[in-house]
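S.K.: Sequence unavailable; structure follows:
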């Protein structure tokens, strides 16, 4: 498995430690949102890399995207806020994904409220997650 895939898998595994909130990887939004919310991890972009020589290393600041979705008729804002806080707490608790990358840093979400015809409205946001890592080969 490539360094990129290893790190994204480790991030998904870390997020899966949040109780009662499923983490999907690169999937479409399902028709039903669980009561505690839902997270969808998108691979994002590795972006441009830096390079050092001797030994040759490629340094990335990969920007993954974490979609956070909550649907509730009554306490949507509180559930969303609690979920975002839990995401922050698990990332702070393991900033290197058990040594798989140099640093993990989440950026602030920009939440939006979305009306759904015939159902409770959604509160959603994309949380950019920057993964700092180095690899000897950009393809592995």
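M.R.: Looks like it arrived, so ask away. What you see is a predicted model, and the numbers here were worked out from it, not measured in a lab. Residues are numbered from 1 along each chain as shown.
S.K.: Tell me which stretches of the protein form strands.
M.R.: For the chain, the strands identified by DSSP state E occupy 23-25, 38-45, 50-52, 57-71, 103-106, 112-114, 122-135, in order along the chain.
S.K.: residues in contact with the spatially closest residue to residue 114 that is not a sequence neighbour?
M.R.: With C-beta to C-beta, 6 or more residues apart in numbering as the measure, residue 122 is the residue that lies nearest to residue 114, at 4.3 Å, once sequence neighbours are left out. Backbone N, C-alpha and C define where each C-beta goes, glycine included. Contact analysis of residue 122 by C-beta atoms under 8 Å, 6 or more residues apart in numbering lists 33, 69-71, 76, 113-114, 116.
S.K.: Now with 6 Å, please.
M.R.: Remark: with contacts taken as C-beta atoms under 6 Å, 6 or more residues apart in numbering, residue 122 is in contact with 69, 71, 114.
S.K.: Specify which member of these is nearest to residue 86.
M.R.: Residue 86 has its nearest neighbour among these in residue 69, at 14.3 Å by C-beta to C-beta.
S.K.: My understanding was that the closest one contacts residue 124; is that so?
M.R.: Yes: at 4.6 Å, residue 69 and residue 124 qualify as touching, with contact defined as C-beta atoms under 6 Å.
S.K.: The two: which has the busier surroundings?
M.R.: Ranked by neighbour count (other C-beta atoms under 10 Å), residue 69 and residue 124 place residue 124 first, with 22 against 19.
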